[in-house]
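1. Kindly generate the corresponding structure for this input.
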Amino acid sequence: MAIPHRDDRGDGYYRYRGTAKPDKTAVQAENTRKLLRDSRQRISFNATSMRALSVRLNQQIAQALCDGMKVTRLAEAAELSRWAVRTVGLSADDLLPSGLPAEQHLAAIHQLKSELAELEESKTALEDRRLNLLAAARRRGVLDDYELAALSGLQRETIRKMTWGVQPESGAIPA
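-> Alright, predicted model coming up:
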């Protein structure tokens, strides 16, 4: 016959008091999932922004060509080859001359190029952070390769190749 343990209140059984401590790996796995989802969303937003800026840059180059600017001068300003500038100009055949001065076109092109450069730096930083996070998750065995692939939007083999030999920074996955 089993004898029930008594607590101080005398009702016959111990009561559970408080909540159990969450498992450290489960917490790390959930944090990794959240960080990878955020990373994927930010990288996607960055790519969308870069496409939109590239379209605006191409339109500005085409308009400058339509207004009579020389291909060589535009190629230097846009840091593109003359062939690329000509291709952009030929792709926009429905433009009419705007009458804007060349300096205004060049200023707009420089502005768009600097915005694209900032987005490129941001993209590099986001991809480095994602790589660090993937490497930390693989090293600790928090998530398997298939779940990492689903969360990051990359293929499993690509993740394995990218993270091969990468030493993750400490604190990549907050505990």
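
2. Tell me which residue is most central in the chain.
-> In the chain, the centroid-proximal residue (Cα atoms, centre = their mean) is I43; its distance is 2.0 Å.

3. Kindly confirm whether my reading is correct that it touches E127.
-> Yes. Judged on Cβ atoms under 8 Å, I43 makes contact with E127 at a distance of 6.9 Å. Yep, even glycine has a C-beta here, placed from its N, CA and C like the rest.

4. about what we covered before: and the residue nearest to the centre of the chain, how far is that from A125?
-> Plainly put, I43 is 10 Å away from A125 if you go by Cβ to Cβ, to the nearest Å.

5. and if you look at T72?
-> Distance, T72 to A125, using Cβ to Cβ: 34 Å.

6. before we move on, back to that, per-residue pLDDT of the closest residue to the residue nearest to the centre of the chain other than its chain neighbours, please?
-> In space, I43 comes closest to L126 once its chain neighbours are excluded; the distance is 5.2 Å by Cβ to Cβ, 6 or more residues apart in numbering. Listed pLDDT for L126 reads 95.

7. now L126: how far from K113?
-> Distance, L126 to K113, using Cβ to Cβ: 20 Å.

8. ditto for E127
-> With distances taken as Cβ to Cβ, E127 is found 21 Å from K113.

9. sorry, back to before: list the residues that contact the residue nearest to the centre of the chain.
-> By Cβ atoms under 8 Å, 6 or more residues apart in numbering, the contact set of I43 is K123, L126, E127, R130, G153.

10. helix or strand for the second one, which one?
-> With secondary structure defined by DSSP states H and E, L126 is part of helix 102-140.

11. helices or strands next to that helix in the packing?
-> When contacts are defined as 3 or more Cβ pairs under 8 Å, 6 or more residues apart in numbering; DSSP states H and E, helix 102-140 sits against helix 24-66, helix 71-78, helix 145-152, helix 156-163.

12. Kindly state which of those helices is positioned closest to S98.
-> Judged by Cβ to Cβ, the one of these that comes nearest to S98 is helix 24-66, at 5.9 Å.

13. hang on, the earlier thing: if you count what's nearby, which of E127 and K113 comes out ahead?
-> Set E127 next to K113 and count neighbours by other Cβ atoms under 10 Å: K113 wins out with 17 against 14.

14. That one and N58, how far apart?
-> 12 Å.

15. what's the answer for Y16, then?
-> Distance from Y16 to N58, by Cβ to Cβ: 65 Å.

16. Looking at those two, which has the bigger crowd around it?
-> Remark: of Y16 and N58, N58 carries more neighbours, 20 against 6, as counted by other Cβ under 10 Å.

17. close enough to count as contact, the more buried one and V88?
-> Yes. Contact status for N58 versus V88: in contact at 4.9 Å, counting by Cβ under 8 Å.
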